[in-house]
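*Asks:* next input, structure requested:
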Amino acid sequence: MDRRPIFDTVRRLMGRSFRSADVAALDAAIDASLKPPTAHGLSLSPAGLALIQRWEGCARRRPDGRFEAYPDPGSSLSRTGSGSGAPWTIGWGATGADIVSGLIWTQTQCDERLVRDLDRFAREVAQAPGDSPTTQPQFDALVSFHYNTGAIGSATLTRRHKSGDFTGAADEFERWVHAGGKRLNGLIRRRADEAALYRSG
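*Replies:* Below is the predicted model of the structure:
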């Protein structure tokens with residue numbers, strides 16, 4: 001990049017010649033502006049939120065408008081046959097020790113939990129790729145993936161993204177389509193949407 005036009009313009013605006021400190025500061029500013037963005041400082045965009053909400057759904061709405069906990073269809077029932085239903089899920093795919101059989105939430109409780117969970121998952125995704133360049137669509141796709149799998153810290157997908165192999169990372173989404181040892185059509189379609197969003201940026 002030819003920086004002379006920038007330096008000439010700034011020199012004209014300042015009305016004086018550059019000192020060595022001025023040159024260093026201006027060079028650093030230009031370098032910073034040219035550096036590809038990283039995931040640090042990114043937050044989930046409306047497009048990313050829409051993708052997550054589309055695939056999670058706010059399920060098991062009761063006639064009174066509230067939502068009840070349900071056993072995750074791809075989890076322990078199919079893996080162990082134990083009949084325990086754990087892990088239980090409620091609202092926008094929320095799971096955890098506090099989600100148990102018989103739990104009932106309002107729409108507001110479901111929405112507030114989604115906001116808290118997405119904030120945590122987005123922070124974890126922001127840390128995982130380190131200083132690897134990350135676009136907003138890539139970040140959104142990774143948050144959706146992590147929200148559904150919890151695997152951002154261990155997945156080959158993350159390692160490939162971190163190394164700059166974005167084509168290889170995009171190809172990794174389709175490997176995450178099993179639950180309870182079975183390929184699930186819903187996961188196949190979700191991973192395809194995530195991969196398409198990742199590739200779009």
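
*Asks:* ok, residue 183 - contacts?
*Replies:* residue 177 (CB atoms under 8 Å, 6 or more residues apart in numbering). Placement of C-beta: from N, CA and C, glycine included.

*Asks:* and what of the one 10 residues further on?
*Replies:* Shown in contact with residue 193 (CB under 8 Å, 6+ apart): 51, 54-55.

*Asks:* of the residues you listed, just the buried ones, ChimeraX syntax please.
*Replies:* Selection command for ChimeraX covering only the buried members of these, criterion 16 or more other CB atoms under 10 Å:
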select :51,55
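
*Asks:* turn the contacts of residue 193 into a markdown table, columns for distance to residue 105, secondary structure and pLDDT.
*Replies:* Listed next are the contacts of residue 193 as a markdown table, based on distance: CB to CB, whole Å; DSSP: H, G, I helix; E, B strand; the rest coil; pLDDT from 0 to 100:
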| residue | distance to residue 105 | secondary structure | pLDDT |
| --- | --- | --- | --- |
| 51 | 22 | helix | 97 |
| 54 | 20 | helix | 96 |
| 55 | 19 | helix | 96 |
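
*Asks:* in what helix or strand does the most centrally placed residue in the chain lie?
*Replies:* Centroid-nearest residue in the chain, with CA atoms, centre = their mean: residue 143, separated by 1.2 Å. According to DSSP states H and E, residue 143 maps onto helix 136-149.

*Asks:* what does residue 118 give?
*Replies:* Counting by DSSP H and E, the element that carries residue 118 is helix 107-127.

*Asks:* what's that helix packed up against?
*Replies:* On a contact count with 3 or more CB pairs under 8 Å, 6 or more residues apart in numbering; DSSP states H and E, helix 107-127 meets helix 46-56, helix 136-149.

*Asks:* buried deepest among the ones you listed, which one?
*Replies:* Highest mean neighbour count of the helices and strands packed on helix 107-127: helix 136-149, a mean of 24 (counted as mean count of other CB atoms under 10 Å).
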